[in-house]
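Q: sharing a sequence plus its predicted fold:
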Amino acid sequence: YTGKTPSKLLNTKLKTMVVKDYQSIPIVVQEKVSAYDAICTMFLEDVGTLFVVDQNAFLQGVLSRKDLLRAAIGNRQLDQVPVSVIMTRMPNITVCEGEDAIVDVARLLTTRQIDGVPVVNKTEEGLEVVGRITKTTIAKAFVELSEGD
Ligand code: ADP
C-alpha cells in the first residue's frame, strides 16, 4: 500500500501521460495553397485542423473548418484565396511540446476554446511541426485511464 489518496494516484498517473506518447501525424499545407485546396486536403486527410507552414517547414498558422467556412461566406472564388490570408497566424498560435503532460494540453484546449494544437520542436529559426494533439487524442487518453489496473 502506497499510502496515497486516490486523487494523488490519479495525479501521478496523469503526469506520466505525455504528448509524445499520444500525438498523431500533423497535416500541413504551404502558405500559398488556396482555401479551396485546403478544403480538399481537410476532407482527404480526415482532419479538422490544418497547420500552415512556410517554405522551410516552420509553423506560420492554423486553419480550422470554421476559418474556411467564414472565408466561403461572400466569396465564391476560394481557389483565388491563399490560406495565409484567412488562417490564425503566429505568434498567436497555441502549441505544445513532446514532454508536456496531456492533461495540460487538455486545459489549453478548453480555456482557449480550440480543437487542437500542433506539437512542435522549438529551434532558433522557428517551430518545426512534429505532431498534433486534438480533442480526439484527449478522449482516447481518457478512455485509457479507465482501462488500467
Ligand atoms: P472551428 O473554428 O472549426 O470551430 P477551432 O475551435 O479549433 O475550430 O478554431 C477556432 C479558432 O481558433 C479558429 O479561428 C482557428 O484558426 C483558431 N485556432 C485553432 N487552433 C488554434 C491554435 N492551436 N492556436 C491558435 N489559434 C487556433
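A: Perfect, I can see it now.
Q: three-state assignment of Glu124?
A: Secondary structure assignment for Glu124 (DSSP: H, G, I helix; E, B strand; the rest coil): coil.
Q: state the number of residues packed around it.
A: Neighbour count of Glu124, defined by other CB atoms under 10 Å: 4. Yep, even glycine has a C-beta here, placed from its N, CA and C like the rest.
Q: where does this structure dip in pLDDT?
A: 1-2, 148-149 (pLDDT under 70).
Q: the ligand contacts on that one?
A: Residues of the chain lying close to the ligand by CB under 6 Å from any ligand atom are 49, 62, 64-67, 88, 92-94, 113-117.
Q: filter those down to the ones in strands?
A: In strands, defined here by DSSP state E, the members of those are 49, 62, 64, 88, 116-117.
Q: now the buried members of these.
A: Those of these that meet the buried threshold are 49, 62, 64, 116-117, by 16 or more other CB atoms under 10 Å.
Q: the residue minimising distance to the centre of the chain bridge partners, please.
A: Closest residue to the average C-alpha location of the chain: Val117 at 2.4 Å, with CA atoms, centre = their mean. Under the criterion DSSP bridges, Val117 forms beta bridges with Ile133.
Q: what of the one 4 residues further on?
A: Beta bridges link Asn121 to Glu128, judged by DSSP bridges.
Q: what is the neighbour count of it?
A: With neighbours defined by other CB under 10 Å, the count for Asn121 comes to 12.
Q: list the contacts of it.
A: Counting by CB atoms under 8 Å, 6 or more residues apart in numbering, Asn121 touches 97-98, 127-128, 130.
Q: could I get those as CSV with distance to Asn11 and neighbour count?
A: CSV is the format used below for those (distance: CB to CB, whole Å; neighbours: other CB atoms under 10 Å):
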residue, distance to Asn11, neighbour count
Glu97, 20, 16
Gly98, 21, 14
Leu127, 29, 22
Glu128, 31, 16
Val130, 27, 16
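Q: where along this structure do the strands fall?
A: Going by DSSP E, the chain shows strands at 28-30, 49-53, 59-64, 88-89, 116-122, 127-134.
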